[in-house]
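*Asks:* I would like to see how this sequence folds:
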Amino acid sequence: MSDSSIPVSHAGSLPRTEELIVANAARELESDGFTLRRTAEFEELLTQAVVDLVARQQQHGVTIPGDGEYGHAMTSAVDYGAWWSYVFQRVGGLELTGEDLFSWPHVESRPGHVQLTNMLHRRDWVRFKEAYSDPRSGIATGKTATAFPSTTGELSWRGQAAVDSDIANLRAGLDAAGMKTGFLTSLSPGSGARIPNRHYASEEEHIWAWAAVMRHEYQTITDAGLIVQIDDPSVAENWDQISPEPTVEDYRAFTQIRIDALNWALQGIPEEQVRFHLCWGSWHGPHTTDIEFRHIVDLMLGVNAKYYSFEAANVRHEHEYRIWEEVALPEGKVIAPGVVSHATNVVEHPELVAQRIERFARLVGPENVIASTDCGLGGRLHPQIAHAKLETLGQGAALASRRLF
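*Replies:* Take a look at the predicted model:
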């Protein structure tokens, strides 16, 4: 960490170029129905796109860049869904069964037995059913073009070539820009295990199987000298997908299993190469049933990571910066709060960005803060707006740095 300026990063996904979107959409599927075929021509295009993206991040003032999740593709040209579905192409034991997150039967939870319901029965989606089903609202939600598989056999890792490609592309970008390190995102076991389980004897066994599989990706990324960002919106987001609302105690116990599995998967990996990303779901909805940060902040800090990324700029959660008045950040840990939001087309003024950074700096120390975005900007914002937000993020961090150091 710098002792003279606030580092700048982001939460992962960045808008793809039109050329890359078209190339992804044109890729053929393997016989499993969700794995995209890789060709030399596509790999060459992808490498150059990542090199160009790293250079553009550097121009915006980003000091800890990523590959924009450009190597994380799904069976549609849409950007944002691939943060999760990319992994289905890297894990064996999955199959398209016609059952997915939208077609699960709606199952009521009961005290002491918390379980997820299907996506369409999220409590926020039910409460605002008219808004979510109205295309004019801008938040309309329905079954996406992505084919979600189920676990039908023993999970296994088959993504080595794909993650090696991600690493090589980011390294090419970093070398061309003269930058030392960057980050790649990877799915948490708890988020992976949200797909239907038709093989393992229990939900917990399914989660631990995902931990054993995803460990390969975490280890490969960090062995290459890069930072791995563990994407785990499920820690906060699962709360809304449980109906009726559980007790906080039951939910924390439900979540702790997922934290334990992740920590097992991170064994032996240096904490300074691990960043954990928590959010309440990046869709543009009311989010009135989000769990309060105070109920899960200690669970987040229980992850064996040095860096913690979380939403702090959107209007549902910005007020929660004050929890750091009561929660002590453990020694050696660093927070990467979102200080620009993916949830609005309005580009934050650099002064507002600086003020948000300074709030956290006053509470945990400027040396323990990275300026970041709430969530990925790819797919949630027009590319021109997304890059304007990265630019204002860099400007705001520079302004805050002049005041803080």
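*Asks:* can you give me the strands for the stretch 51-200 of the chain?
*Replies:* 91-95, 150-157, 183-187 (DSSP state E, counting those that start in this stretch).
*Asks:* which other helices and strands contact the first one?
*Replies:* Applying 3 or more CB pairs under 8 Å, 6 or more residues apart in numbering; DSSP states H and E, we find strand 91-95 packed against strand 150-157. (C-beta placed from N, C-alpha, C; glycine too.)
*Asks:* center of this protein, which residue is that?
*Replies:* Geometric centre of the chain, nearest residue: Asp231, 3.8 Å, by CA atoms, centre = their mean.
*Asks:* State the distance from it to Trp157.
*Replies:* Asp231 sits 18 Å away from Trp157, going by CB to CB, to the nearest Å.
*Asks:* Tell me how many other residues surround the nearest residue to Ala371 once chain neighbours are set aside.
*Replies:* Among residues not flanking Ala371 along the chain, Ala397 sits closest, at 4.2 Å (CB to CB, 6 or more residues apart in numbering). Ala397: 28 surrounding residues under other CB atoms under 10 Å.
*Asks:* Give me the spatial nearest neighbour of Leu278, chain neighbours excluded.
*Replies:* Using CB to CB, 6+ apart and skipping residues adjacent in sequence, the residue nearest Leu278 is Phe310, 4.7 Å away.
*Asks:* picking that back up, quick one: secondary structure of the residue nearest to Ala371?
*Replies:* Assigned by DSSP: H, G, I helix; E, B strand; the rest coil, the conformation of Ala397 is helix.
*Asks:* There's contact between it and His60 in this structure, I believe.
*Replies:* No: the criterion here is CB atoms under 8 Å, and Ala397 misses it with His60 at 10.2 Å.
*Asks:* if I pick Asp232, what's in contact with it?
*Replies:* Leu187, Ser188, Gly190, Ser191, Arg258, Leu262, Phe276, His277, Leu278 (CB atoms under 8 Å, 6 or more residues apart in numbering).
*Asks:* ok, now with 6 Å
*Replies:* Ser188, Gly190, Ser191 (CB atoms under 6 Å, 6 or more residues apart in numbering).
*Asks:* Highest neighbour count among those residues?
*Replies:* Ser188 (28 neighbours).
*Asks:* so what pLDDT did that one get?
*Replies:* Per-residue confidence for Ser188 comes out at a pLDDT of 98.
*Asks:* Need the pLDDT of Val371.
*Replies:* If you look again at residue 371, you'll see it is Ala, not Val. You'll see Ala371 listed with a pLDDT of 98.
*Asks:* Equivalent analysis for His216, please.
*Replies:* Confidence at His216, expressed as pLDDT, is 98.
*Asks:* Burial check on it, number of neighbours?
*Replies:* 19.
*Asks:* List the contacts of it.
*Replies:* Taking CB under 6 Å, 6+ apart, one finds Trp157 in contact with His216.
*Asks:* Does Val235 belong to a helix, a strand or coil?
*Replies:* helix.
*Asks:* quick revisit: return the subset of the contacts of Asp232 lying in helices.
*Replies:* Those of those mapping onto helices are Gly190, Ser191, per DSSP state H.
*Asks:* Show me the shaky parts of the stretch 51-200 of the chain.
*Replies:* By pLDDT under 70, the low-scoring segments of the stretch 51-200 of the chain are 74-81, 100-109, 137-147.
*Asks:* Show me which residues of stretch 156-175 are buried.
*Replies:* Within stretch 156-175, the residues that count as buried by 16 or more other CB atoms under 10 Å are 157, 159, 162-163, 165-174.
*Asks:* ugh, wrong one, stretch 318-334
*Replies:* Judged by neighbour count (16+ other CB under 10 Å), stretch 318-334 contains these buried residues: Glu318, Glu320, Tyr321, Trp324, Leu329, Val334.
*Asks:* And the residues you listed, which is closest to Val51?
*Replies:* Taking CB to CB as the measure, Val51 lies nearest Val334 of the buried residues of stretch 318-334, at 27.6 Å.
*Asks:* circling back to that earlier point, in terms of pLDDT, where does the residue nearest to Ala371 sit?
*Replies:* Per the predicted model, pLDDT is 98 at Ala397.
*Asks:* Looks like it contacts Ser9 (just checking).
*Replies:* No: using CB atoms under 6 Å, Ala397 makes no contact with Ser9, being 9.8 Å away.
*Asks:* who does whichever strand or helix holds Ile21 touch, helix- and strand-wise?
*Replies:* Assigned by DSSP states H and E, Ile21 belongs to helix 18-26. The criterion is 3 or more CB pairs under 6 Å, 6 or more residues apart in numbering; DSSP states H and E, and the helices and strands that helix 18-26 contacts are helix 40-60.
*Asks:* picking up where we left off before, how about the helix holding Ile21 as CSV, C-alpha atoms only?
*Replies:* Output of helix 18-26 as CSV, limited to C-alpha atoms (Å, rounded to 0.1, in the frame of the first residue of the first chain):
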residue,chain,number,x,y,z
GLU,A,18,-18.3,-3.9,-29.4
GLU,A,19,-15.9,-6.0,-31.3
LEU,A,20,-15.4,-8.4,-28.3
ILE,A,21,-19.2,-8.6,-27.7
VAL,A,22,-19.8,-9.5,-31.3
ALA,A,23,-17.0,-12.1,-31.2
ASN,A,24,-18.3,-13.7,-28.0
ALA,A,25,-21.8,-13.9,-29.4
ALA,A,26,-20.5,-15.6,-32.6
